[in-house]
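> Take a look and give me a structure for this.
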Amino acid sequence: MVTGWRADGTLGVRVTAPPVAGAANGALCEILADALGVPRAAVTLVHGARGRDKLIRVAGLTPGDVKARIARHG
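Coordinates of the predicted model:
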């Protein structure tokens with residue numbers, strides 16, 4: 001579930017999958033792909049696979065596109 005933009009400019013997302021064998025990371029990418037209206041393959045975890053803070057790349061979208069789509073997603 002996308003919870004919204006934080007004061008520091010990061011996007012909050014909650015996942016219910018456990019942080020075991022990459023399940024939470026996979027769930028995060030699925031949630032973001034759905035919220036952004038892009039294929040799952042367009043969402044890549046770049047950094048932070050083992051931590052709470054992640055860096056995600058979305059192929060074909062600029063940061064402005066991401067912000068606009070998240071705003072529309074609600």
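
> ok now stretch 57-70, how far from the chain's centre?
10 Å (C-alpha atoms, centre = their mean, to the nearest Å).

> er, stretch 32-40 I mean
That offset, for stretch 32-40, works out to 9 Å (C-alpha atoms, centre = their mean).

> List of residues touching it?
When contacts are defined by C-beta atoms under 8 Å, 6 or more residues apart in numbering, stretch 32-40 is touched by residues 2, 13, 29-30, 42-43, 56, 58-61, 66, 69-70, 73. For glycine as for every other residue, the C-beta is placed from the backbone atoms N, C-alpha and C.

> same check, this time on stretch 58-66
Here stretch 58-66 has contacts from L32, L36, V38, A41, A42, V43, T44, R69, using C-beta under 8 Å, 6+ apart.

> will you turn those residues into CSV that also has secondary structure?
Converted to CSV, the contacts of stretch 58-66 look like this (DSSP: H, G, I helix; E, B strand; the rest coil):
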residue, secondary structure
L32, helix
L36, helix
V38, coil
A41, helix
A42, helix
V43, strand
T44, strand
R69, helix
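
> For the host helix or strand of G12, the averaged confidence score.
Under the criterion of DSSP states H and E, G12 resides in strand 11-13. What strand 11-13 shows for mean pLDDT is 95.

> Tell me the helices and strands packed up against that strand.
Applying 3 or more C-beta pairs under 8 Å, 6 or more residues apart in numbering; DSSP states H and E, we find strand 11-13 packed against strand 2-5, helix 23-36.

> Which strands or helices does the first one pack on?
Using 3+ C-beta pairs under 8 Å, 6+ apart as the contact criterion, the neighbours of strand 2-5 among helices and strands are strand 11-13, helix 23-36, helix 63-73.

> If you count neighbours, what's buried in the last one?
Buried residues in helix 63-73, defined by neighbour count with 16 or more other C-beta atoms under 10 Å: V66, R69, I70.

> Against R69, how distant is R40?
15 Å (C-beta to C-beta, to the nearest Å).

> oh, I was asking about A42
Distance from A42 to R69, by C-beta to C-beta: 12 Å.

> just to revisit the earlier point, can you turn the buried subset of the contacts of stretch 32-40 into a selection I can paste into PyMOL?
This is how PyMOL selects the buried members of the contacts of stretch 32-40, with burial counted by 16+ other C-beta under 10 Å:
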select buried, resi 2+13+29+42+43+56+58+61+66+69+70
